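In: generate coordinates for the sequence data below:
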Amino acid sequence: MSKRLIVVLALLFVVGTSFAAFAEVQNVKVSGDILVSGVARDHFNLATNEGDKSVLKQSFLMSQIRLRVDADLTDNVSATVRLINERIWNGQNDTANDTGSASNIDLDLAYVTLKEFLYSPLSFTVGRQEINFGNGLIMGNAKVGLNTSNIPTDLSERKAFDAIRATLNYDPLVIDLVYAKIKQFNAGDRDTINLTGINATYAVNKNTNVSGYYYFKRDNFKADKDGATTSGRGKEDKANTVGALITSTLIEDLTLSGEAAYQFGRNDSNNTSQKKHDAWALQAMADYTFAKVKTTPKIGASYTYLSGSKSTTDTRNDGWDPMFYDQKLNNITYALLPFTNMSVFNLKASCKPMDDVTIAAVYGWYDVARRSTGTVTSPFWYDSNSQYLDTNYTGKAHLGDAIDLTATYDYTEDVQLGLTYGWFKPGNALNIKDKDANQLIGSLKVIF
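Out: Have a look, this model is predicted:
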């Protein structure tokens, strides 16, 4: 990996000097970050002594390295490229063909921005880019694809979409139109997942913003939950998501937000029959900062509701389609529980006992939104192609309890040390043996 990075840096240096020599009006900025983490996980399949031992207990060191170049080509044209390497430490034994700890350097971002395109309010962003709207309930993370990550996928920093984004800035109204290619099995028209959407945000005043959105996800990708292609699918899935978000700080140091979304369309999740899709999502958040207290304590609470179906045999699918959410209500539940059929209360608190030290805690109470006997499958993979959890709901209510404790130390403005402990106790809604999951992550992050 080190030789590859040296070559990349050398090329970036040549590019930078070339710009300086031949285009003095251009500006090139090189930046990036390095995150080194030690991860220990225990019983992430929530079983006592069954299944793959690597799921029961994991312990590894990993590095996540990103190198970014931003170039201003003219007053209205800019380009961004970011490379990424995510790997489990393996000395010098890794090879490009070693999927467990490969040294591959991948393309994370690659897009061009055209400002004042055709007329001044319009900008176009074309290529692989990060897209995050609101609180990340709907849009924020395209998710790492199957067999493309060398670390547990819930820990990946890769979130970008291959997309075209048009932004109309009529201050205080901003409208974004998005077309993204989520998945394509080959160059043909079939076996694809496409996303089209619009997000409009209006600043009512300096303290209040209102957003409305509509997304249409069209899925005719013939693949089962593990990614293998199959011809057993019926008609294509069509999921429409419409919703609104309001955020406000009408009271000093108090931030409030409320979001509601509705999904409709047709669903073909079981590969055999067409179902009507009819689902809801609700989320309310409140955070208060004691700004005048020396240790700057903060407290917060949130409620998240994602509708669920009673079973896979229902003629109507009431289960919330997770879309492309980017929210960690708790760290372990983010890795283990699908972002659907849940009712979650979160409480959080933090303070700064020293100027450069922050201590935070998050508690989560998890219930199902609807008692079900359907399947429960983890949304992420632990070795790029195997899931942590694959079981059933029991028809009972309580999914479990989760706690995250985090301490961070700002060594300098550019260097941060962190230590996070996570715990999840499964409830009676999951058809597994009662074994708690634990996680400990220590990290060192450098930004340059």
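
In: list the contacts for the closest residue to residue 291 other than its chain neighbours?
Out: Distance criterion CB to CB, 6 or more residues apart in numbering; nearest residue to residue 291, sequence neighbours excluded, is residue 253 at 5.2 Å. Where C-beta positions appear, they are placed from N, C-alpha and C, glycine not excepted. Residues near residue 253 by CB atoms under 8 Å, 6 or more residues apart in numbering: 288, 289, 290, 291.

In: now, among those residues, which is nearest to residue 64?
Out: Comparing those against residue 64 with CB to CB places residue 289 closest, at 30.0 Å.

In: show me what the closest one is bridged to.
Out: Counting by DSSP bridges, residue 289 is bridged to residue 298.

In: quick check: it touching residue 300?
Out: No. Under the criterion of CB atoms under 8 Å, residue 289 is not in contact with residue 300, lying 9.3 Å apart.

In: neighbouring contacts of whichever strand or helix holds residue 424?
Out: Under the criterion of DSSP states H and E, residue 424 resides in strand 415-426. Residues outside strand 415-426 that contact it (CB under 8 Å, 6+ apart): 46, 330-333, 336, 399-411, 432, 434-447.

In: show the buried residues in these.
Out: Neighbour counting over those (16 or more other CB atoms under 10 Å) leaves 46, 330-333, 336, 399-404, 406, 408, 410, 432, 435, 437-441, 443, 445 as the buried ones.

In: mind listing which of those residues are in helices?
Out: 331, 332, 333, 336 (DSSP state H).

In: now those as TSV including distance to residue 277?
Out: Converted to TSV, these look like this (distance: CB to CB, whole Å):
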residue	distance to residue 277
331	30
332	29
333	24
336	24
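
In: any idea which of those is the one closest to residue 91?
Out: Closest to residue 91, out of all of those and judged by CB to CB, is residue 331, at 28.2 Å.

In: I figured that closest one hits residue 406, correct?
Out: No. Judged on CB under 8 Å, residue 331 makes no contact with residue 406 at a distance of 9.1 Å.

In: the residue nearest to residue 171 when sequence neighbours are not counted and residue 284, how far apart?
Out: For residue 171, ignoring the flanking residues on the chain, the nearest one in space by CB to CB, 6+ apart is residue 203 at 7.8 Å. Distance from residue 203 to residue 284, counting by CB to CB, to the nearest Å: 21 Å.

In: quick one on the thing from earlier: turn the ones in helices among the buried ones among the contacts of strand 415-426 into JSON lines, including pLDDT.
Out: Formatted as JSON lines, these follow (pLDDT from 0 to 100):
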{"residue": "331", "pLDDT": "97"}
{"residue": "332", "pLDDT": "97"}
{"residue": "333", "pLDDT": "97"}
{"residue": "336", "pLDDT": "95"}
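
In: list the buried residues in the strand or helix carrying residue 197.
Out: Per DSSP H and E, residue 197 falls inside strand 192-205. By 16+ other CB under 10 Å, the buried positions in strand 192-205 come out as 192, 193, 194, 195, 197, 199, 200, 201.

In: equivalent analysis for stretch 33-42, please.
Out: Neighbour-count burial for stretch 33-42 [16+ other CB under 10 Å]: 34, 35, 37, 39, 41.

In: go on, stretch 151-170?
Out: Buried residues in stretch 151-170 (16+ other CB under 10 Å): 151-156, 158-167.

In: low pLDDT regions in the stretch 101-250 of the chain?
Out: Regions of the stretch 101-250 of the chain meeting the criterion pLDDT under 70 cover residues 101-103, 185-190, 221-235.

In: let's go with 80 and repeat that
Out: Filtered on pLDDT under 80, the stretch 101-250 of the chain yields the residue ranges 101-103, 145-149, 184-191, 220-236.

In: outside of the helix or strand encompassing residue 353 itself, list whatever touches it.
Out: Assigned by DSSP H and E, residue 353 belongs to strand 342-354. The contact list for strand 342-354 (CB under 8 Å, 6+ apart) reads 295-306, 308, 329-330, 358-369, 399.

In: rounded mean pLDDT for it, please.
Out: Strand 342-354 shows a mean pLDDT of 97.

In: now the element after it, going C-ward?
Out: According to DSSP H and E, the helix or strand after strand 342-354 is strand 357-367.

In: now for whatever helix or strand comes next after that next one, which elements pack on it?
Out: Per DSSP H and E, the first helix or strand lying C-terminal to strand 357-367 is strand 375-377. If you count contacts as 3 or more CB pairs under 8 Å, 6 or more residues apart in numbering; DSSP states H and E, strand 375-377 packs onto strand 390-392.

In: who does the strand it packs on touch, helix- and strand-wise?
Out: strand 375-377.

In: what are the buried residues along the strand it packs on?
Out: Buried, per 16+ other CB under 10 Å, within strand 375-377: 376, 377.

In: same question, stretch 412-429
Out: By neighbour count on 16+ other CB under 10 Å, the buried set for stretch 412-429 is 416, 418, 420, 421, 422, 423, 424, 425, 426, 427, 429.

In: try stretch 136-151
Out: So, applying 16+ other CB under 10 Å, buried residues of stretch 136-151: 137-144, 146, 148-151.

In: many thanks, we can stop here.
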